[in-house]
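S.K.: no sequence for this one, just the structure:
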């Protein structure tokens, strides 16, 4: 019944109508590309390099501009501006500076793992050396040892609940392998450490080091680049800040940005 009122077109007729539409669409795309090159010659090579004519009559070059050297935490005197206005790094020094620290009345906790124990021990020793430099006695350093980095946040929570330490340093080393296990532990453990500090109000220093090979770990666990030294100093500075804000230490002590309580 429907065919009596709406006759179905022959397939060949539908094809004859479709082909011109496709050609018109293709021509429209080419026209737009050519128009873009005429009005915005600087943008045309990026969007239509084959269709956009170059100013010199040659095909435009897609070579990127020379990259500006990346600055990796340089000190204030390690940056020089060249004649063209770009910045270069001169013997950039990694690390962070600390004010004079006094932790004579503090107790600091260290939670460290046995996984990759050799380099973890170097990092722990670096942290303990900086704590002692700040005036903290050996008996005022409390240590928990756990199997791996996964257990560090829970061990730190047990230590924080005692309220007998002023800051806690979590130290562990993870080296990336062939599976996703590295990422699972690294992400979960570091997030838990951050949340623990926010929830308890106690400084929890994240000393979980994630590297791709043992050479990277060794470079960050030995000599002047021992990250454990920085973690120890950070613990003292943050513990000082907490004491000042809680009214347990005089204002103006190292680790405070202001001379009054917030």
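M.R.: The structure has been received and is ready for your questions. Every value quoted in this text rests on a predicted model; they were computed, and no experiment measured them.
S.K.: any idea of the pLDDT on the residue nearest to residue 115 when sequence neighbours are not counted?
M.R.: Distances taken as CB to CB, 6 or more residues apart in numbering place residue 148 nearest to residue 115, at 4.1 Å, with adjacent residues excluded. (Glycine included, C-beta is placed from N, CA and C.) The model reports residue 148 with a pLDDT of 97.
S.K.: and if you look at the one 4 residues further on?
M.R.: On the pLDDT scale, residue 152 is placed at 98.
S.K.: same check, this time on residue 58
M.R.: 50.
S.K.: circling back to that earlier point, can you verify my assumption that the residue nearest to residue 115 contacts residue 114?
M.R.: Yes: in this structure, residue 148 is within contact of residue 114 by CB atoms under 8 Å, at 7.2 Å.
S.K.: Give me the local confidence score for residue 37.
M.R.: 44.
S.K.: do the same with residue 223
M.R.: 91.
S.K.: ok, it - how many residues close by?
M.R.: 11 (other CB atoms under 10 Å).
S.K.: got a list of contacts for the helix or strand that contains residue 183?
M.R.: If you go by DSSP states H and E, residue 183 is part of helix 181-200. The contact list for helix 181-200 (CB atoms under 8 Å, 6 or more residues apart in numbering) reads 148-150, 152-153, 156-157, 160, 170, 172, 174-176, 202-204, 206, 208, 210.
S.K.: ranges for the strands of the stretch 51-200 of the chain?
M.R.: Remark: strands assigned in the stretch 51-200 of the chain by DSSP state E, counting those that start in this stretch are 79-81, 87-89, 108-113, 141-146, 167-175.
S.K.: With mean neighbour count and distance to residue 194 as extra columns, can I get these in a markdown table?
M.R.: Output for the strands of the stretch 51-200 of the chain, formatted as a markdown table (neighbours: other CB atoms under 10 Å; distance: least, CB to CB, whole Å):
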| stretch | mean neighbour count | distance to residue 194 |
| --- | --- | --- |
| strand 79-81 | 11 | 31 |
| strand 87-89 | 14 | 30 |
| strand 108-113 | 26 | 15 |
| strand 141-146 | 16 | 18 |
| strand 167-175 | 26 | 11 |
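S.K.: re earlier: buried only: go through the contacts of helix 181-200 for me.
M.R.: Neighbour counting with 16 or more other CB atoms under 10 Å marks 149-150, 152-153, 156-157, 160, 170, 172, 174-175, 202-204, 206, 208, 210 as buried within these.
S.K.: Could you find the closest non-adjacent residue to residue 112?
M.R.: residue 171 (4.2 Å).
S.K.: how about the helices in this structure?
M.R.: 2-5, 11-39, 44-47, 117-133, 152-161, 181-200, 214-221, 227-245 (DSSP state H).
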